[in-house]
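Peer 1: Take a look and give me a structure for this.
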Amino acid sequence: MSFAAIHRPGDPLILFNIWDAGSARAIADAGAVALATGSASVAGAMGFADGQELPFDLLVDLAARIASASDLPLSVDFEAGYADNPADVAENAARLEETGVAGINLEDGIPPENGVRSIEEQARLIEAIDQRTSLFINARTDLFLQNSSERHASLVADALERAAAFNEAGADGFFVPGLVDLELIREICGSSPLPVNVMKSPSSPRIADLADAGVARISFGPFPWRDSMTALARAFQEQTARS
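Peer 2: Numbers count the residues shown, from 1 in each chain. Predicted coordinates for the structure are as follows:
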């Protein structure tokens, strides 16, 4: 079954984001059907801040190591493409495809959270990648991440306009991280021409409720890595305590 085929509205693909080959193997052995990196997790694990601070050559090397650690399809967080010119972004995407990855996330946010690209500019990047590669392009909008929850309802129309344009440009999925209001998620799922991906955060609805709303993909973003680092620090403190 193809990577695209496991994005099913109402029966969502669950991606518990990983950050290296070791975490990939752990999640694969636990029963995952696909793997996905998260940019904050990968960057943090290598000692960098999020927002394309991780050198792209290092990301390519990491993607190759992760892809070789498992037979599961792998999606890599491509952030904003590590370039601005469509041809350069497409070349970067092609380099990732050569490592064996099945898909990428491409965000319209301007790192580090400095507004969003115009619909037209982002669509040109997606089109360039689609023409150059066969990757599953998960088109992410940062509208909801970069605005307070009080504004989210007013952003749905803009988000759906982006979904339509990104679909026309060749995207395969639509990612709305930061959106946690179940009724707004349901509205987007009902109107988006692309299967919808949400990020499962501590404040998100239950997976069963997201499935009922029509979500096709649920990813966990930086939270697995953060929880793992917290557990590591706690274990150190508990096991090295002298009293």
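Peer 1: A strand includes Ser75, no?
Peer 2: Yes: judged by DSSP: H, G, I helix; E, B strand; the rest coil, Ser75 forms part of a strand.
Peer 1: how far away is it from Pro202?
Peer 2: Ser75 sits 22 Å away from Pro202, going by CB to CB, to the nearest Å. C-beta coordinates here come from the backbone N, C-alpha and C atoms, glycine included.
Peer 1: So the residue sitting nearest the centre point of the chain: helix, strand or coil?
Peer 2: Nearest residue to the geometric centre of the chain (CA atoms, centre = their mean): Asn105, 4.9 Å. Following three-state DSSP, Asn105 is assigned to strand.
Peer 1: is it true that it touches Leu74?
Peer 2: No: between Asn105 and Leu74 there is no contact under CB atoms under 8 Å: 11.8 Å.
Peer 1: show me the contacts for Ala139.
Peer 2: Contact analysis of Ala139 by CB atoms under 8 Å, 6 or more residues apart in numbering lists 106, 108, 122, 126, 162-163, 166, 171-175, 194.
Peer 1: a markdown table please, covering those and showing distance to Leu135 and neighbour count.
Peer 2: Below are the contacts of Ala139 laid out as a markdown table (distance: CB to CB, whole Å; neighbours: other CB atoms under 10 Å):
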| residue | distance to Leu135 | neighbour count |
| --- | --- | --- |
| Leu106 | 9 | 24 |
| Asp108 | 17 | 23 |
| Gln122 | 16 | 25 |
| Ile126 | 11 | 26 |
| Arg162 | 19 | 26 |
| Ala163 | 18 | 23 |
| Phe166 | 14 | 30 |
| Ala171 | 10 | 26 |
| Asp172 | 8 | 20 |
| Gly173 | 11 | 26 |
| Phe174 | 15 | 26 |
| Phe175 | 14 | 25 |
| Leu194 | 15 | 20 |
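Peer 1: okay, these in TSV with pLDDT, secondary structure and distance to His152 next?
Peer 2: Shown next, in TSV, are the contacts of Ala139 (pLDDT from 0 to 100; DSSP: H, G, I helix; E, B strand; the rest coil; distance: CB to CB, whole Å):
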residue	pLDDT	secondary structure	distance to His152
Leu106	98	strand	22
Asp108	98	coil	16
Gln122	98	helix	20
Ile126	98	helix	23
Arg162	98	helix	14
Ala163	98	helix	15
Phe166	98	helix	19
Ala171	98	coil	21
Asp172	98	coil	24
Gly173	98	strand	20
Phe174	99	strand	15
Phe175	98	strand	15
Leu194	98	coil	19
